[in-house]
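1. Here is a sequence together with a model predicted from it:
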Amino acid sequence: QVQLVESGGGVVQPGGSLRLSCAAPGFTLDYYVIAWFREAPGKEREGVSLIVTSDDSTYYADSVKGRFALSRDHVKNTVYLQMNSLKPEDTAVYYCATDPRLRYGTFDPAEYHYWGQGTQVTVSS
């Protein structure tokens, strides 16, 4: 069983930055797909960004391109989502997710079996 632990959420003013972390204690994230999703009140869960760890290729939703960046620390077995130029519409609970069966990137949440507990991001003045 894969356990994912997110951290790094908080309250930030528009234009500010936050860095979210997704750790996988006891598991090596090589050859995995790790995705970040977010869910705002009254809205469906949407894919934000993902990394295919076999080659560290990254993909982003159009709404966050140029503002968000994914990276991975191989030693700490952690994936980071750096979020810059945050907007009020980025306010949501952010989740990281993975599934060992995946070998390609997808923003379909139904394809992911393991999820973290979520971390709240609030962008407000």
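-> Received the coordinates, thanks.

2. which residues of this structure fall in strands?
-> 5-7, 10-12, 18-23, 33-39, 46-52, 57-60, 68-73, 78-83, 92-98, 114-115, 119-123 (DSSP state E).

3. where are the low-confidence patches of the protein?
-> Counting by pLDDT under 70, the chain contains no low-confidence residues.

4. How much space separates the residue most central in space within the chain from residue 83?
-> Residue closest to the average C-alpha location in the chain (Cα atoms, centre = their mean): residue 36, at 2.4 Å. Distance from residue 36 to residue 83, counting by Cβ to Cβ, to the nearest Å: 10 Å. For every residue, glycine as well, the C-beta is placed using N, CA and C.

5. Spit out the residues that contact these two alike.
-> Taking Cβ atoms under 8 Å, 6 or more residues apart in numbering as the criterion, residue 36 and residue 83 both touch residue 20.

6. in stretch 117-125, what's buried?
-> Of the residues in stretch 117-125, 118, 119, 121, 123 count as buried by neighbour count, 16 or more other Cβ atoms under 10 Å.

7. Identify the bridge partners of residue 19.
-> Per DSSP bridges, the residues bridged to residue 19 are residue 82.
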